[in-house]
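Enquirer: for reference, the sequence and a predicted model appear below.
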Amino acid sequence: MADTHIRASADALLRAPASARGPRDPAAIIRWTLLAMGAIVMVMPIVYMLSASFKYPYEMYNLNIIPKEPTAENYAYVLSDGRFYRWFANSFFVATCTTVSAVFFDALVGYALCKFRFRGRLIVFIAILSTLMIPTEMLVIPWYLMSRSFGWLDTYWGIMFPGMMTAFGTFLMKQFFETVPDDFLEAARIDGLNEFQIWWSVALPMVTPALSALAIFIFLGNWTAFIWPLIVTNSQELYTLPVGLTTFSVEQTVDWELIMTGAALATIPTLIVFLIFQRYIIRGIAMAGLKG
Amino acid sequence: MKFYRNLSISQKQVVWAWGFLALPVLFYVVIRFYPTADAIVLSFQKWNMLGIRQWAGFDNYIKLYNDPVFWKVFRNTFVYLILGTPASLVISFAIAYHLDKVRFLHSTLRALYFLPFLTSTVAMAWVWRWFYQPVPIGLFNNFIASLGFQQIAFLNSTTNALPSILLPAIWAGLGFQIIIFMAGLRAIPTSFYEAARIDGVSNWTILREITLPLLKPTIVFLVVFSSISFLRIFDQVFNMTTNNPGGPLDSTKPLVLMIYQTAFSSFDMGYAAAQTVVLFSILLIVSLLQLYLMRDR
């Protein structure tokens, strides 16, 4: 089946390639060296950002990566007014709420569209799927007008409401629920569970890899979301990290070591999470991407 | 409750189905369909956020057609797409193809390539902006100057600014595309390769005759995914040109930035809505093209 096939190939990503030639083959050595050089180039911007955040201004524009005189003063300065903590907390709160909501509802709708037989099922599915083609940028103006009339401007709810459900996630979950055999659900039905209980305690546990893949994808999307939070928030207390970082960087104008420290503060948490959950994240992205 | 108990199993399922779907259907109608309709209606109206909306017929579209800035922006948007999509796909495929054959430190290399995808676009826009600064600030120009060459005006030049902004956008997306390509490559059954090897076919022919054709769904997906993201480019441009958004002389301004400025700086809501309808039409064509190409298979 197509779905088990996708999961298998996403899992296969985590194993080392099967057919690799011996390490002494000169072509393989050249290939590895070029790939390693490419990988170093890829992370260079991140490395220089981190390095600059530990430098004094006088050293800032040298090409050396390890500072001669490392300092934490930039971090102390950037964190001193407390705004970064606030923006970090805002981003975390907003991304967590939208992720929980979107994963819950996408799984609920995906399940209903996959496992229930009722009139109108196809229409609902096509209608939801068709919203994939509507770009956020088209909706921000009406959303803004809506938020203005309902008093949602400059509130957490205002930042969150557009992402509470996603068509992409619904489609992804519907595909994965196809892999859950109907016999299991039927057995639970005979045991006297109601449909919500069947969904929650029988079907959901069988698609946990898909749920975590979707959660990673949605969390990342909301964590880095920029244009809507920029439009809907006015006061700095409500800014998310990307919007706050823009404001902060514009304020600093020429103090590039402080801008780099701000950028590093916005990046380090994701890097740490990635290093811990690397396998899951890569597999999740591959799974979500292959389905999309 | 008694009413429910008297229903047949399939009737109960219908009740449950709509119970599951009630809130989501409401959400999609109110937060997706109504705003879409509202944007289309607004594109035929004139409104500056004060007073009432007034019907304007096709005025906004006519204004758009006669607006030289719009055509410049339209061109820029497609330059982002036409340079960005092929470049990012070729680079990511080349890396994925070779990374797939490497065993030593495989997962470390893969992690390094993937890392930029997880960074915040805004943070990285500022990092690259720093790199692009003139001597003595920017790293690129410091490096170029230390080799004895003349420095390059990256973000201050009307010709160089767009590619300079595009480069970090390509860089940030590579990790994702590499992972998807590698997953696609792993999905090809090894028996195909074994058969080809027995026949003594060259690596180049295997790549052209087996790998690429079997990878078509992955390629179509990535072409559409990256096309859409380049057509919607905003974060990088906004952050790398904050002193003069879309500058110099609108040479880097994409459609989404024009929409943002028209709506939230000039408050010309009807005109901005007409621009969003144009964006929507372009993305719709790209999506339909994907459906068409996928059906072909």
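Expert: The structure has been received and is ready for your questions.

Enquirer: what residue ranges in chain A score low on pLDDT?
Expert: A:1-24, A:291-292 (pLDDT under 70).

Enquirer: need the strands for the stretch 151-292 of chain A, in chain order.
Expert: Secondary structure of the stretch 151-292 of chain A (DSSP state E, counting those that start in this stretch): no strands present.

Enquirer: er, chain B actually
Expert: In chain B, the strands defined using DSSP state E lie at B:45-46, B:54-55.

Enquirer: pull the number of nearby residues for residue 190.
Expert: This is for chain A. Neighbours of residue A:190 under the rule other C-beta atoms under 10 Å in any protein chain shown: 8. (C-beta placed from N, C-alpha, C; glycine too.)

Enquirer: hm, I was asking about chain B
Expert: 11.

Enquirer: repeat for residue B:149
Expert: Count around residue B:149 with other C-beta under 10 Å applied: 10.

Enquirer: do residue A:126 as well
Expert: Neighbours around residue A:126, by other C-beta under 10 Å: 9.

Enquirer: in whatever helix or strand it lives in, which residues are buried?
Expert: Under the criterion of DSSP states H and E, residue A:126 resides in helix A:121-130. Across helix A:121-130, burial judged by 16 or more other C-beta atoms under 10 Å in any protein chain shown covers A:121, A:124, A:125, A:127, A:128.

Enquirer: any chance of the residues you listed in CSV, with distance to chain B too?
Expert: Rendered in CSV, the data for those read as follows (distance: C-beta to the nearest C-beta, whole Å):
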residue, distance to chain B
A:121, 7
A:124, 6
A:125, 10
A:127, 7
A:128, 6
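
Enquirer: would you reformat those residues as JSON lines and include distance to residue B:232?
Expert: Shown next, in JSON lines, are those (distance: C-beta to C-beta, whole Å):
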{"residue": "A:121", "distance to residue B:232": "31"}
{"residue": "A:124", "distance to residue B:232": "27"}
{"residue": "A:125", "distance to residue B:232": "25"}
{"residue": "A:127", "distance to residue B:232": "23"}
{"residue": "A:128", "distance to residue B:232": "21"}
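
Enquirer: distance check, the residue nearest to residue B:197 when sequence neighbours are not counted against residue B:192.
Expert: Setting aside the residues directly before and after it, residue B:197 is nearest to residue B:206 in space (C-beta to C-beta, 6 or more residues apart in numbering or on different chains), at 8.0 Å. Using C-beta to C-beta, to the nearest Å, residue B:206 is found at 9 Å from residue B:192.

Enquirer: the lengthiest helix in chain B - contacts with which helices or strands?
Expert: Under DSSP state H, the helix in chain B containing the largest number of residues is helix B:68-99. In terms of contacts (3 or more C-beta pairs under 8 Å, 6 or more residues apart in numbering or on different chains; DSSP states H and E), helix B:68-99 is packed against helix A:26-53, helix B:106-114, helix B:161-186, helix B:216-231, helix B:255-264, helix B:269-296.

Enquirer: residue B:114 touches residue B:172, doesn't it?
Expert: No - at 11.1 Å, residue B:114 does not count as touching residue B:172 under the criterion of C-beta atoms under 8 Å.

Enquirer: can I assume residue B:58 is in contact with residue B:44?
Expert: Yes - in this structure, residue B:58 is within contact of residue B:44 by C-beta under 8 Å, at 7.2 Å.

Enquirer: ok, the two, which is more surrounded?
Expert: residue B:44 (18 against 12).

Enquirer: distance of that one relative to residue B:65?
Expert: 15 Å.

Enquirer: can you mark which positions in the longest helix of chain B are buried?
Expert: Neighbour-count burial for helix B:68-99, counted by 16+ other C-beta under 10 Å, picks out B:70, B:72-74, B:76-77, B:79-81, B:83-85, B:87-89, B:91-93, B:95-99.

Enquirer: so who does the most centrally placed residue in chain A touch?
Expert: Most central residue of chain A, judged by C-alpha distance to the mean C-alpha position with C-alpha atoms, centre = their mean, is residue A:220 at 1.4 Å. Contacts for residue A:220 (C-beta atoms under 8 Å, 6 or more residues apart in numbering or on different chains) come out as A:270, B:118.

Enquirer: repeat for residue A:191
Expert: By C-beta under 8 Å, 6+ apart, residue A:191 has no neighbours at all.

Enquirer: and if we set it to 10 Å?
Expert: By C-beta atoms under 10 Å, 6 or more residues apart in numbering or on different chains, the residues touching residue A:191 are A:197, A:198, A:202.

Enquirer: pretty sure residue A:228 is touching residue A:163, no?
Expert: Yes - contact criterion C-beta atoms under 10 Å: residue A:228 and residue A:163 qualify, at 8.4 Å.

Enquirer: neighbour count: the two, which is higher?
Expert: residue A:228 (24 against 21).

Enquirer: return the most buried member of the strands of chain B.
Expert: strand B:45-46 (a mean of 18; mean count of other C-beta atoms under 10 Å in any protein chain shown).

Enquirer: in its sheet, what does that strand sit against?
Expert: Using DSSP bridges, strand B:45-46 pairs in its sheet with strand B:54-55 (antiparallel).

Enquirer: residues contacting the strand it pairs with, please?
Expert: With C-beta under 10 Å, 6+ apart, strand B:54-55 has contacts from B:41, B:44, B:45, B:46, B:47, B:270.

Enquirer: quickly check those residues for the two that are furthest apart.
Expert: For these, the maximum inter-member distance is 12.2 Å, found between B:41 and B:46 (C-beta to C-beta).

Enquirer: let's have the helices and strands packed on helix B:68-99 in a markdown table, adding distance to residue B:243.
Expert: Formatted as a markdown table, these follow (distance: least, C-beta to C-beta, whole Å):
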| stretch | distance to residue B:243 |
| --- | --- |
| helix A:26-53 | 21 |
| helix B:106-114 | 33 |
| helix B:161-186 | 12 |
| helix B:216-231 | 24 |
| helix B:255-264 | 14 |
| helix B:269-296 | 22 |
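
Enquirer: returning to what we had before: of the contacts of residue A:191, closest to chain B?
Expert: Among the contacts of residue A:191, residue A:198 lies closest to chain B (C-beta to the nearest C-beta), at 9.4 Å.
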